[in-house]
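Asks: next come a sequence and a model predicted from it.
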Number of protein chains: 2
Amino acid sequence: MKLEAAKAQFIQTWGSLATQWGINKTMAQIHALLLVTSDPISQDDLMEELSISRGSANMNIRELIDWGLVDRVIIPGERKEFFLAEKDIWKVFRQIVKERKKRELEPLLKVLQQLQAVEGDKKNREAKAFTDTIENIQKFVGQADKSLDSLVKADESWFWGNLIKLIK
Amino acid sequence: MKLEAAKAQFIQTWGSLATQWGINKTMAQIHALLLVTSDPISQDDLMEELSISRGSANMNIRELIDWGLVDRVIIPGERKEFFLAEKDIWKVFRQIVKERKKRELEPLLKVLQQLQAVEGDKKNREAKAFTDTIENIQKFVGQADKSLDSLVKADESWFWGNLIKLIK
DNA sequence: CTAATCTTTCAATAGTTATTGAAAGATTTA
DNA sequence: TAAATCTTTCAATAACTATTGAAAGATTAG
C-alpha cells in the first residue's frame, strides 16, 4: 500500500468513526491528517488536501485548538499560520477525556443531584422506581467521574501496567 | 420537584446527552423513560408519553432491543407487547461497551493492522511519521480493547474496588 | 499610509439524519 | 374464515447539522 493511499484511508476511517461519536467528520479528518504528518501544515494546505472550504477549515481548526488537540505554530519568515497536532495518543486520549468530562459528565452530575430532590412518597411505587434508578445512575456517574479524574492525571505506562495487573 | 417534572427533565437530559454521543435522541428518551418506570410500557403508551409517532417508536424500540438494553415482555391476557429496560446501570454500561467495542473498536483494529503494511521507506520522513503514529494508535487501541474485554466480564463492586485501589 | 496577504465571520445552501403516518403485513379472537 | 387488533415498513417530509464562499476584519510589509 502506498503512503498516500494509506493516509487517505486513515483519514476516512477516523472521520467516519468520529461521526458515530457525535463529532464533526471534517474536524476529525483534519485531526487525522495532522496526526500522521510530521511537519506543521497551513490552512491552505489543509483545504487543498481534504478538499474543504476556507470557512470549514477555519472553523474546525479552531474547534480542534479549543479541544486542546492542535496547536498554532509560527514559522519564522512565514506570514501564514501553521498547525500541528499532539502525536502522543495517550495525551490525546487524556485531553479528550478531560474535555468531555468537563462538558458532559459534570453538568449531568448536577442535574442528577437536583433530581434527587423529587417529592418522595415512599409508598408510591412509581416514585420509588424513579428515585432508585436516579440514585444508581448518580452513584455510577460519580464513581466514573472520580476514576476519570485519576486517569487524566495518570502516566501512560503506569496506567496500563496497573490496569493489566488489575484485570488479570 | 414533582415526579412528573423530574421524569421529564431526566428524559430530556438523557436525550440531549445522547445527541452529543451520536445516538438518536428519541431512542435515548425511550430508554430514559423505561429506566425510570418500574412496570413494562406498551408502544402506545410510549408514543403518548413522548409524543412520538408509531413508526419512530417502533424503530427506536427495536434498536434498543438490538443493543440489548430493552426486553420485550408478554403480559398474560394482553394482546399488545410491552417493554422493560434493564435497570442495573452497571449492566447497561457493560452492554453498551460490549456493543460499541464490537461495532467500532474491532473494525478499527483491522484497519490499523492493514495500514501498517504501508510501503516503508525508512529514510522518508513523512513515511516514518505515518507509521509511527499508526503504530502508537494501534498499541493504544489494542490495550484498550483488551482492557474493555475484562471490564465487560467484570463484576461491578470488584471493578470499582480495584480501580479505586489502583488510582489512589 | 496603502497594498498585499492572511484570518474570521455568517447568511445562504447543501447534505445528512430522523420522523411521520398511511398502508401492508401479522397475529389473534370468535 | 373474517374481523379486529397489533406490528412493521417505507416513501415523503421535516428537522438538524455542516459547508460554502464572498465580504469584512486583521495584520504585516514596503
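Replies: Arrived safely.
Asks: spatially nearest residue to the spatially most central residue of chain A (excluding sequence neighbours)?
Replies: The central residue of chain A, meaning the one whose C-alpha is nearest the mean C-alpha position (Cα atoms, centre = their mean), is A:Ile96 at 3.1 Å. Computed as Cβ to Cβ, 6 or more residues apart in numbering or on different chains, the closest residue to A:Ile96 that is not its neighbour in sequence is A:Trp67, at 7.0 Å. All C-beta spots, glycine's among them, are computed from the backbone N, C-alpha and C.
Asks: for the closest residue in space to A:Asn24 that isn't next to it in sequence, identify the helix or strand it belongs to.
Replies: With Cβ to Cβ, 6+ apart as the criterion, A:Asn24 has its nearest non-adjacent residue at 6.4 Å, and that residue is A:Asn60. With the criterion set as DSSP states H and E, the secondary-structure element containing A:Asn60 is helix A:54-66.
Asks: for chain A, what spans make up the helices?
Replies: Shown for chain A, the helices assigned by DSSP state H span residues A:3-20, A:25-35, A:43-50, A:54-66, A:89-100, A:106-115, A:125-153, A:156-167.
Asks: how about the ones you listed, which one is nearest B:Leu163?
Replies: Among the helices of chain A, the nearest to B:Leu163 by Cβ to Cβ is helix A:125-153 (5.5 Å).
Asks: in that closest one, what's buried?
Replies: Within helix A:125-153, the residues that qualify as buried by neighbour count (16 or more other Cβ atoms under 10 Å in any protein chain shown) are A:127, A:129-131, A:133-134, A:136-138, A:140-141, A:143-144, A:147-148, A:151.
Asks: rewinding a little: alpha carbons of the helix holding A:Asn60, in CSV - could you do that?
Replies: As requested, the backbone C-alpha atoms of helix A:54-66 are provided in CSV (Å, rounded to 0.1, in the frame of the first residue of the first chain):
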residue,chain,number,x,y,z
ARG,A,54,-11.9,28.1,3.8
GLY,A,55,-14.7,28.6,6.3
SER,A,56,-14.9,25.0,7.2
ALA,A,57,-11.2,24.7,7.6
ASN,A,58,-11.0,27.7,9.8
MET,A,59,-14.0,26.7,12.0
ASN,A,60,-12.8,23.1,12.5
ILE,A,61,-9.2,24.1,13.2
ARG,A,62,-10.4,26.5,15.9
GLU,A,63,-12.5,23.7,17.4
LEU,A,64,-9.5,21.4,17.5
ILE,A,65,-7.5,24.1,19.2
ASP,A,66,-10.4,24.5,21.7
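Asks: which residues does that helix contact?
Replies: Applying Cβ atoms under 8 Å, 6 or more residues apart in numbering or on different chains, the external contacts of helix A:54-66 come out as A:24, A:26-27, A:30-31, A:34, A:43, A:46-47, A:50, A:52, A:70-72, A:83, A:85.
Asks: now, of the residues you listed, which are buried?
Replies: For the contacts of helix A:54-66, burial is judged from neighbour counts taken by 16+ other Cβ under 10 Å, and it is met by A:24, A:26-27, A:30-31, A:34, A:43, A:46-47, A:50, A:52, A:70, A:83, A:85.
Asks: phi, psi of the residue of chain A most remote from its centre?
Replies: Seen from the C-alpha centroid of chain A, the residue lying at the greatest distance (Cα atoms, centre = their mean) is A:Lys123, 43.3 Å away. When quoted as degrees, to the nearest 10, the phi and psi of A:Lys123 stand at phi -80, psi -20.
Asks: per-residue pLDDT, it?
Replies: Confidence per residue is given as pLDDT, and for A:Lys123 that number is 83.
Asks: please produce a markdown table containing the buried ones among the contacts of helix A:54-66, extended by distance to B:Lys7.
Replies: Supplementary listing: the buried ones among the contacts of helix A:54-66 in a markdown table, determined by distance: Cβ to Cβ, whole Å:
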| residue | distance to B:Lys7 |
| --- | --- |
| A:Asn24 | 32 |
| A:Thr26 | 37 |
| A:Met27 | 35 |
| A:Ile30 | 41 |
| A:His31 | 39 |
| A:Leu34 | 44 |
| A:Gln43 | 47 |
| A:Leu46 | 46 |
| A:Met47 | 48 |
| A:Leu50 | 44 |
| A:Ile52 | 43 |
| A:Val70 | 41 |
| A:Phe83 | 46 |
| A:Ala85 | 43 |
